[in-house]
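Novice: Output the structure for:
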Amino acid sequence: MLTTLVLIKSYSGNLMSLLAVKYLPQPFQSLQDVIDHRSVSIIWQKSSLFEQYIRTAKSGVFHEMARLEKEGRMVFHKQPQFPWSLDTFVRRGRHVLADADITITNLIARDYSATGRCDFYLSRDGFFPYSSSLISHKTDPLIQSIDKWVLPLIETGLVRYWMESVPNYTICDSPSKIKVHNEPFSSSHIWIVYVLLGLGLGAGAVVLLLEIVTHRLT
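Specialist: As a prediction, this is how the structure comes out:
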């Protein structure tokens, strides 16, 4: 009885914890994770600095990433295609999308606004430093004026603030576990209770038969 009580209390505690907190699988947190997972392909921005860097890398993870193109596991899409890429290729679970974190978060926010669900996540690891800038001819007399006004905007965070001013921008910034309220019970949640009950009844029946047989033999 004491053993049964301990098992019941332990299982009920674990069951309530499982129903109250769900762990969301987030297997891809780095480029190396994508390289090692042979059933997944990666989408990069076409005609970008990322594409150029991957194609010219001589060693390291980006050099390994370049080999994925020969295996048919790396594709390049233009940035205007990204919402479609996210809604089709990435949503099916066979592709990941690599780009600047602001771009990815904007796409996730817009998808949440359209569907009401957080179906995607942003990796914890970054893979490439990236900054926005204006490009002009080096003899352009406006360069000094542009630097004078743009640099303070970047340093104060206004540029990032403007880029992040998208509805539901942070609503999908959830950890790998979430709290769940009013989760309904089902047989899949408490199957082990029936297993323990059956084992207990079976063990009791065996002991009863042994007692009967021993009593008759003696």
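
Novice: Show me the strands in this protein, by range?
Specialist: 21-23, 41-45, 74-77, 95-97, 177-179 (DSSP state E).

Novice: rank those by mean pLDDT and give me the bottom one.
Specialist: Note on those: strand 177-179 shows the lowest mean pLDDT, a mean of 51.

Novice: which secondary element of the chain has the worst mean pLDDT?
Specialist: The helix or strand of the chain with the poorest confidence is strand 177-179; it has a mean of 51 (mean pLDDT, DSSP states H and E).

Novice: Show the contacting residues for the nearest residue to I104 once chain neighbours are set aside.
Specialist: Using C-beta to C-beta, 6 or more residues apart in numbering and skipping the chain neighbours, the partner closest in space to I104 is L122 (5.7 Å). In this view, the C-beta of every residue, glycine as well, is placed from N, C-alpha and C. Residues in contact with L122 (C-beta atoms under 8 Å, 6 or more residues apart in numbering) are 101, 104-105, 108, 173.

Novice: low-confidence ranges in the protein?
Specialist: 14-23, 130-132, 174-190, 193 (pLDDT under 70).

Novice: and with 50 instead?
Specialist: Applying pLDDT under 50 to the chain flags the ranges 181.

Novice: For it, which segments count as helices?
Specialist: Using DSSP state H, the helices assigned to the chain run over residues 2-20, 31-36, 49-56, 60-70, 82-85, 101-115, 143-155, 158-163, 191-217.

Novice: Mind putting those helices into TSV with mean neighbour count and distance to G93?
Specialist: Conversion of the helices of the chain to TSV gives the following (neighbours: other C-beta atoms under 10 Å; distance: least, C-beta to C-beta, whole Å):
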stretch	mean neighbour count	distance to G93
helix 2-20	11	24
helix 31-36	17	13
helix 49-56	14	23
helix 60-70	15	17
helix 82-85	15	13
helix 101-115	17	15
helix 143-155	11	37
helix 158-163	12	28
helix 191-217	10	27
